[in-house]
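>>> heads up, no residue letters with this:
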DNA sequence: CTGTTAGCGCCTTCAC
DNA sequence: GTGAAGGCGCTAACAG
């Protein structure tokens, strides 16, 4: 267990094995032109010394690290979390490793600065390419491979994957409208997030198409959390003319809303239908399954990885903007409006 | 916008500013012996060129990166997620950045290998120190600063922060026993996780102390998810002699259990008291607040960061094993056993 | 098959 | 105050 300094370098290995550094390097990179015997000897020494190559040095020299960076503002949002999952799963199959940088809290004012900072910190150093989730910046000063997930604007400098939030919301609304609902409440998400804005747009657009006037009382601004969903639903329920259906901008809010409805002595979907958005895991089991819009978040991660890897390998990308389709999942929290007898 | 290759290096800055690289380096590191004028000129050029120093090169030369690594097996577990939050928050205050490596799925067989791999990959390269969450390995081949959170064994080679899982479980049990409950069901967590094992131990130890014989039927093995909590509770409810209280090894399971109890036409806590573990955010709002054991997960992250930073700065660490105390939070899902009249 | 040589981008002496 | 030179750990030519 010779350990001179704190780190054992390729030199130490070479010395211990009685060969030159380049031979060790060849073994490290699985070059084929090394004698069987030498190869195994070096492998043994490497193990004995507990040597691991320095990512820093390697990346500096070979401009290739097989590491992909993921920059995400807030892991507390289920959206971000699911993206990470999807990216992770996609990367496992490939020969890449994943490094995540997270700001911890997207409401943090300094995030936009740190986001840019990290893009340049990672790229060109230890990362072959980067995926940024819901970037705040509209452009990045990097020539390195970069893909965005759910960017704020449709047209960006870089390839992106976006959820079809507006269209997804419209499919939910059409479902409710088709069931005969006319008075539909909306529980919004954090107004600073693009996804929340687009879903609200979908809500409004659907009503317009159906020639139903907009009632501002029916729109409650939430923040994508269960607690706020609960509170917003309470307000909707206590309206003089209460809605017969509620469309929540995400499943968490929908779960809170269902709770509020039950607490108010009403039932779902008999008294009020509820539709969510996201299709998080809980949505399939809460209250017998929530009707929701599946946006295939994990798939967005997968697509982003595919695009990024193509970028890294200089392969052409067919679509610079991938729109992930959504799908309405009808479960047991929505049903046809029961019109008053007569 | 001169960009020769893809990256703009310190050399480009030096050339553009008409100085030598060393002067630029001085500016970069805020050395004081640079003329005001030169300093500002270089700063301007840096901004113009959009230069950012390469983490790789810097770390290689100066053996200090101000980056802390966090290795976590599975972000889907609320425990891990909250640790990340805590670590992140703690790090923001200090002058460090955070890099997270996540395996995506702790049930993955290859995780132990990849864990070790990443410890050595990060440390000695781009990271000044590492925090490993619920490490599978009991030792790591690194001389670099490393702190573990919730390691599998009490005695380890490295400093660690552990939750007092067993004691916490016992406090929950004593609470229920104090309320008069004698038939208490247990919904366990993933049996491969140390925390799950220790909580089960606490359950058993408390019963033993109270001289209540162990009924194997009352112990359901779960996996820390809400769905399984639901299923386990169903089984407990349908027991010939059903329990009057359920202690779930985490809040997610407890939430599932409450659901199951309600679905069975019973009420919480009138028919069955429920106590959880973790004190995740939802616990405070579901069903009027779940009685649970707060283990201050985020604080564990904070403590780990403090220990790690001390390690990095070669300051002495007072405790090599920090036991994070737990605290019982009595809310509205537990109440005294209603004994049959007479 | 293996050793030698030359940097990658940066920081740190040591001169001037 | 500033520039020149050396080397961090590694890989990629080129020799042998």
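Received it, and whenever you're ready, just let me know what you need. Only a predicted model underlies this, so the values are computations on that prediction, with no experimental measurement involved.

>>> residues contacting the residue nearest the centre of chain A?
In chain A, the residue lying closest to the centroid (C-alpha atoms, centre = their mean) is residue A:83, at 2.7 Å. By C-beta atoms under 8 Å, 6 or more residues apart in numbering or on different chains, the contact list for residue A:83 reads A:72, A:133, A:149, A:297, A:298, A:300, A:301, A:304. The C-beta positions use only the backbone N, C-alpha and C, and glycine is treated the same way.

>>> The first one: what's its closest spatial neighbour, skipping adjacent residues?
Counting by C-beta to C-beta, 6 or more residues apart in numbering or on different chains, residue A:72 lies nearest to residue A:133, which is 4.3 Å off, once chain neighbours are set aside.

>>> what sits against that neighbour?
Neighbouring residues of residue A:133 by C-beta under 8 Å, 6+ apart: A:70, A:71, A:72, A:73, A:80, A:83, A:148, A:149, A:150.

>>> Keep only those of these that are in helices.
Of the positions in the contacts of residue A:133, A:80, A:83 sit in helices, assigned by DSSP state H.

>>> Helices of the stretch 201-342 of chain A, residue ranges please.
Here the stretch 201-342 of chain A has its helices, by DSSP state H, counting those that start in this stretch, at A:226-237, A:251-263, A:297-312.

>>> The residue lying closest to residue A:160 once chain neighbours are set aside: how many residues sit nearby?
When the adjacent residues along the chain are set aside, residue A:160 lies closest to residue A:148, with 4.2 Å between them (C-beta to C-beta, 6+ apart). By the criterion of other C-beta atoms under 10 Å in any protein chain shown, residue A:148 has 27 neighbours.

>>> correct me, but residue A:148 touches residue A:139?
No - applying C-beta atoms under 8 Å as the test, residue A:148 and residue A:139 come out as separate, 10.4 Å apart.

>>> Can you check which residues contact both of these two?
With C-beta under 8 Å, 6+ apart, residue A:148 and residue A:139 have common neighbours A:156, A:158.

>>> Check the stretch 1-150 of chain A for the residue nearest DNA strand D and tell me.
The stretch 1-150 of chain A approaches DNA strand D most closely through residue A:10 (2.7 Å), counting by C-beta to the nearest atom of the strand.

>>> one step back: could the helices of the stretch 201-342 of chain A be laid out in JSON lines, adding mean pLDDT, distance to DNA strand D and mean neighbour count?
Formatted as JSON lines, those follow (pLDDT from 0 to 100; distance: least, C-beta to the nearest atom of the strand, whole Å; neighbours: other C-beta atoms under 10 Å in any protein chain shown):
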{"stretch": "helix A:226-237", "mean pLDDT": "96", "distance to DNA strand D": "48", "mean neighbour count": "22"}
{"stretch": "helix A:251-263", "mean pLDDT": "94", "distance to DNA strand D": "45", "mean neighbour count": "26"}
{"stretch": "helix A:297-312", "mean pLDDT": "93", "distance to DNA strand D": "15", "mean neighbour count": "22"}
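
>>> Quick check: residue A:296 vs residue A:331, distance?
Distance check for residue A:296 against residue A:331: by C-beta to C-beta, to the nearest Å, it reads 17 Å.

>>> swap in residue A:237?
Going from residue A:237 to residue A:331 by C-beta to C-beta gives 21 Å.
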